[in-house]
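> give me coordinates for this.
(one chain, ligands or ions: 1)
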Amino acid sequence: MPVIPAAEYRRVLGHFPTGVVVITTLGPQGPAGLSINSFTSVSLDPPLIGFFPAHTSGSWPTIRRHGAFCVNILAAGQEDVARLFATPGADRFADVAWLPAPHSGAPILEGVTAWLDCVIEAVTPTGDHDFVLGRVQALDAASTNPLIYHRGLYM
Ligand SMILES: Cc1cc2nc3c(=O)[nH]c(=O)nc-3n(C[C@H](O)[C@H](O)[C@H](O)COP(=O)(O)O)c2cc1C
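Purely as a prediction, here's the structure:
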């Protein structure tokens, strides 16, 4: 097996442009969430989406315990939100307005371009991350542009 240095791996994979989502949930201590770009549509019928939280994620166990989550697709101009939900130790919901999603009660963040309210369908360990398969229960979108992440920059 060839050994690929982590920095080189990150540099090359960063050439793939993605959107940024904040996965939110409702924990016993209140709302929780983290920024994710490993998000994808998986299936139309049934409607399934997926994302990959690291085994080191502090928010993922809370999402898993609740069994449901909301995918918030960030809009252009929301890079401060992307950074906030990627900052360890930050009080991420202190200054963020949100409404509860209809099924999970998980936060729909103000100003997002789209959201999907999901229940966890399956969890599969994949290397140092888990693959979380979610079944969509409700969704909606605005007609705003998305936030794009490419080579470490937001646009
Ligand atoms: C643009 C962007 C994309 C990210 N994508 C992922 C991802 O797909 N999976 C992941 O585990 N962490 C990802 N992160 C890192 C987490 O957001 C970060 O480690 C965060 O502090 C985790 O919070 P938690 O420990 O509360 O779960 C991403 C961060 C950014 C800024």
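> switch to C-alpha atoms for all contacts and neighbour counts from now on
Fine.
> quick one: end-to-end distance for stretch 63-76.
Terminal residues of stretch 63-76 are spaced 26 Å apart (Cα to Cα, to the nearest Å).
> quick one: that stretch near the ligand?
No. Stretch 63-76 stays clear of the ligand (Cα under 6 Å from any ligand atom), getting no nearer than 9.4 Å.
> need the contact partners of that stretch.
Stretch 63-76 has contacts (Cα atoms under 8 Å, 6 or more residues apart in numbering) with 19-27, 32, 82, 101, 104, 106-109, 111-120, 144-148, 155.
> what comes up buried for it?
63-64, 66-76 (16 or more other Cα atoms under 10 Å).
> quick revisit: of the contacts of stretch 63-76, which belong to strands?
Using DSSP state E, 19, 21-27, 32, 107-109, 114-120, 148 are the members of the contacts of stretch 63-76 that sit in strands.
> about what we covered before: just the buried ones from the contacts of stretch 63-76, in ChimeraX syntax?
Here is the ChimeraX command that selects the buried residues among the contacts of stretch 63-76 (16+ other Cα under 10 Å):
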select :19,20,21,22,23,24,25,26,27,32,82,101,104,106,107,108,109,111,112,113,114,115,116,117,118,119,120,146,147,148
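> among the contacts of stretch 63-76, which are in reach of the ligand?
20, 82.
> picking up where we left off before, and which of the buried residues of stretch 63-76 is nearest to the ligand?
Nearest to the ligand among those is Ile63, at 9.4 Å by Cα to the nearest ligand atom.
> where's the closest one, which helix or strand?
Taking DSSP states H and E as the definition, Ile63 sits inside helix 60-66.
> burial count for Ser57?
12 (other Cα atoms under 10 Å).
> who touches it in this structure?
By Cα under 8 Å, 6+ apart, Ser57 has no neighbours at all.
> do I have it right that Gly134 meets Gly50?
Yes. In this structure, Gly134 is within contact of Gly50 by Cα atoms under 8 Å, at 5.8 Å.
> does Asp45 count as helix, strand or coil?
For Asp45, the assignment made with DSSP: H, G, I helix; E, B strand; the rest coil gives coil.
> what about it, how many residues nearby?
So Asp45, with other Cα under 10 Å, has 6 neighbours.
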